[in-house]
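**Student:** Test case, fold it:
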Amino acid sequence: RIEFSGREFALAMDPQQRIFLECAWEALENAGYDCQRCGDRMGVYAGVGLNQYWVFQIAPDRQLLESAAGYQTVIGNEKDFLTTRVSYQLNLKGPSLDIQTACSTSLVATSLACQSLLSYQCDMALAGGITIHALQKSGYFYQEGGILSPDGHCRAFDAKAQGTVPGSGVGIVVLKRLEDALADGDCILAVIKSSAINNDGSMKVGYTAPSVEGQAEVIAEALALAGIEADSISYVETHGTGTRANS
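**Tutor:** Model prediction:
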């Protein structure tokens with residue numbers, strides 16, 4: 001059972017941290033594990049988006065920040081405490097790492113969680129990420145050549161692609177070594193064959209644009225680690241922003 005006071009729960013905490021905690025609980029529940037009774041060391045690897053709630057709601061309230069609850073308010077809104085809050089509230093004893101790599105945060109968190117499992121730093125892991133925009137009714141200013149779409153539509157892999165649109169979402173997976181999951185009779189939804197991480201350096205048209213070479217290299221590395229051929233893959237999911245190749 002997780003309990004918060006009304007002020008801490010509804011006012012002083014970044015909604016992203018609260019909702020991520022709720023979803024972490026739900027993920028474990030769906031996996032059939034009671035975190036209070038599970039004896040395995042469980043790690044948490046995740047990242048969180050820009051805290052707009054702090055910018056628009058908390059920071060302007062100087063009286064709150066200078067009150068006795070000011071310190072707890074800062075802790076409830078700082079990115080560094082996303083995963084350790086989950087570990088504390090759910091009594092998890094494995095590594096608890098905040099991962100921040102912008103758009104690739106959730107996948108990088110998943111990759112690092114897998115490495116932690118393979119090196120026996122933990123026996124189970126929660127991995128994922130969250131981004132929630134505090135201003136639910138707001139728009140944006142289109143800038144030619146920028147990442148945002150001029151008409152509010154994202155057309156990934158389309159000849160009419162002109163940009164992406166902001167969005168909110170959260171995702172968490174419960175990970176475990178395959179042999180342990182089979183031995184424990186767990187419900188297995190997918191098996192991760194391999195993962196790979198790299199960086200493009202400066203060999204791209206701009207800081208926010210990926211390079212073709214870097215993308216190809218990391219895909220080839222993941223295939224090699226998995227020991228499979230490219231033509232055996234029938235479905236590919238990508239980070240399709242719908243931005244122009246020359247932007």
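**Student:** Please name the residues that touch Gly49.
**Tutor:** Shown in contact with Gly49 (CB atoms under 8 Å, 6 or more residues apart in numbering): Gln16, Gly129, Ile130, Thr131, Ile132. In this view, the C-beta of every residue, glycine as well, is placed from N, C-alpha and C.
**Student:** hang on, Gly43 in a strand?
**Tutor:** Yes - assignment of Gly43 by DSSP: H, G, I helix; E, B strand; the rest coil places it within a strand.
**Student:** Enumerate every residue touching the residue nearest to it when sequence neighbours are not counted.
**Tutor:** Distances taken as CB to CB, 6 or more residues apart in numbering put Gly94 closest to Gly43, at 3.3 Å, once the chain neighbours are dropped. Going by CB under 8 Å, 6+ apart, Gly94 touches Arg41, Met42, Gly43, Val44, Ser87, Ser116, Gln121, Cys122, Asp123, Met124, Ala125.
**Student:** now the residues you listed: which count as buried?
**Tutor:** When those are checked for burial by 16 or more other CB atoms under 10 Å, the buried set is Arg41, Met42, Gly43, Val44, Ser87, Ser116, Cys122, Asp123, Met124, Ala125.
**Student:** can you redo those residues as a markdown table with pLDDT and distance to Glu237?
**Tutor:** Output for the buried ones among the contacts of Gly94, formatted as a markdown table (pLDDT from 0 to 100; distance: CB to CB, whole Å):
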| residue | pLDDT | distance to Glu237 |
| --- | --- | --- |
| Arg41 | 94 | 30 |
| Met42 | 96 | 26 |
| Gly43 | 97 | 24 |
| Val44 | 98 | 24 |
| Ser87 | 96 | 29 |
| Ser116 | 97 | 23 |
| Cys122 | 96 | 26 |
| Asp123 | 96 | 28 |
| Met124 | 97 | 24 |
| Ala125 | 98 | 21 |
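**Student:** now these as JSON lines including distance to Tyr71?
**Tutor:** Shown next, in JSON lines, are these (distance: CB to CB, whole Å):
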{"residue": "Arg41", "distance to Tyr71": "30"}
{"residue": "Met42", "distance to Tyr71": "28"}
{"residue": "Gly43", "distance to Tyr71": "27"}
{"residue": "Val44", "distance to Tyr71": "23"}
{"residue": "Ser87", "distance to Tyr71": "20"}
{"residue": "Ser116", "distance to Tyr71": "31"}
{"residue": "Cys122", "distance to Tyr71": "30"}
{"residue": "Asp123", "distance to Tyr71": "34"}
{"residue": "Met124", "distance to Tyr71": "32"}
{"residue": "Ala125", "distance to Tyr71": "30"}
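**Student:** just the residues you listed now: which is nearest Ser234?
**Tutor:** Among those, Ala125 lies closest to Ser234 (CB to CB), at 27.3 Å.
**Student:** secondary structure element for the closest one?
**Tutor:** strand 124-131 (DSSP states H and E).
**Student:** Next, the residue nearest to Ser104 when sequence neighbours are not counted: secondary structure please.
**Tutor:** Taking CB to CB, 6+ apart, and ignoring the residues beside it in sequence, Ser104 has His239 as its nearest neighbour in space, at 7.2 Å. The local conformation at His239, judged by three-state DSSP, is coil.
**Student:** what about His239, neighbour count?
**Tutor:** The tally of other residues near His239 (other CB atoms under 10 Å) stands at 10.
**Student:** In space, what's closest to Trp54 - neighbours in sequence excluded?
**Tutor:** Going by CB to CB, 6+ apart, Trp54 has Asn77 as its nearest residue, at 4.6 Å.
**Student:** That neighbour contacts Asn51, correct?
**Tutor:** Yes - look at Asn77 against Asn51 with CB atoms under 8 Å: they come within range, at 5.6 Å.
**Student:** residues shared between the contacts of these two?
**Tutor:** Joint contacts of Asn77 and Asn51 (CB under 8 Å, 6+ apart) are Asp14.
**Student:** so how far is Ala12 from Asp180?
**Tutor:** Distance, Asp180 to Ala12, by CB to CB, to the nearest Å: 39 Å.
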